[in-house]
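A.B. asks: here is my input; please provide its structure:
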Amino acid sequence: MLIIHHLIYSRSDRIVWLAEELGINYEMVKHYRDPQTFRSPPSLWEISPMGKAPIIQDGNTMVFESGAVTEYIVDHYGQGRLRPEAGTPEYLQYLHWMHAAESTLMLPVLLDVLPKMTQTNSPLLAGFAQGEYKTVFDYLGKTVGTNGYIAGSEFTAADIMVSYPLRMADNTALPPVGLESSAPCAEYPNIVNYLNRLRSRPAYQRAEKKCMP
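C.D. replies: Next up is the predicted model:
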């Protein structure tokens, strides 16, 4: 059985959702953050060299990092689902957003949220984050407004990858403990509607219930 190590309030939400979309038989092991530092607990360090989630165990195989875990699961359990056919324009968009989710899209969110977490806020850094929000949100809003989903008209694993930084941006991924972003999500109705479409999926709703404390 596939084992998913899930850290409460983390990127590993996506892996539980992916497993629900594919109807995989899996076991979820929950790990709880330190209430004082919000860091990973010792239980994650025991199985991960960096104490990060998500981690999956598939027999004797262990896979780390959200993108790598997503690709592994789609490769081994997808049976052609949740990924466009290779060589198509949709597949190129899929590849783009699979990687952009944790880089281009996540960057302004982290620049926005981490200074608040560490109480080291800088007006210059905040201004830079807002500029990056505009760059990526303008493009993302046009993409989902035209296509419906991130890689075309069909829902894919790239939508699952993109969902978490967007949920951090609209303040629905983390608990309300002073980590709220200042992302201008409300100014992008295409992105708001896109997130609502993702949240309306039955697999998302099942995963959301399972991932909460």
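A.B. asks: the bottom helix or strand of this structure by mean pLDDT?
C.D. replies: Comparing helices and strands within the chain by mean pLDDT, DSSP states H and E singles out helix 106-118 as the least confident, with a mean of 90.
A.B. asks: run through who's touching that one.
C.D. replies: 38, 121-122, 125-126, 128-130, 132-133, 136, 165, 168-169, 174, 178-183 (Cβ atoms under 8 Å, 6 or more residues apart in numbering). C-beta: built from backbone N, CA, C; applies to glycine.
A.B. asks: which among those residues count as buried?
C.D. replies: Listed as buried from these are Ala129, Gln130, Glu132, Tyr133, Val136, Pro165, Met168, Ala169, Leu174, Leu179, Ser181, Ala183; burial here means 16 or more other Cβ atoms under 10 Å.
A.B. asks: list just the nearest of the residues you listed to Ile191.
C.D. replies: For these, the minimum distance to Ile191 (Cβ to Cβ) is 8.6 Å, reached by Ala169.
A.B. asks: that closest one against Ser181, yeah?
C.D. replies: Yes: using Cβ atoms under 8 Å, Ala169 is in contact with Ser181, at 5.2 Å.
A.B. asks: returning to what we had before: flag the least confident of the buried ones among the contacts of helix 106-118.
C.D. replies: Of all the buried ones among the contacts of helix 106-118, Leu179 has the smallest pLDDT value, namely 77.
A.B. asks: list the contacts of that one.
C.D. replies: Val113, Lys116, Met117.
A.B. asks: now do Met168
C.D. replies: Met168 neighbours (Cβ under 8 Å, 6+ apart): Met106, Val109, Val113, Leu174, Ser181.
A.B. asks: so which of the residues you listed comes closest to Ile3?
C.D. replies: The closest of the contacts of Met168 to Ile3 turns out to be Leu174 (Cβ to Cβ; 24.7 Å).
A.B. asks: would you agree that closest one is in contact with Tyr9?
C.D. replies: Yes: assessed by Cβ under 8 Å, Leu174 is found in contact with Tyr9 at 5.5 Å.
A.B. asks: for whichever helix or strand comes after the least confident helix or strand of the chain, what is the distance to the chain centroid?
C.D. replies: The helix or strand immediately downstream of helix 106-118 is helix 123-147, counting by DSSP states H and E. In terms of Cα atoms, centre = their mean, to the nearest Å, the centre of helix 123-147 is set 17 Å apart from its chain centre.
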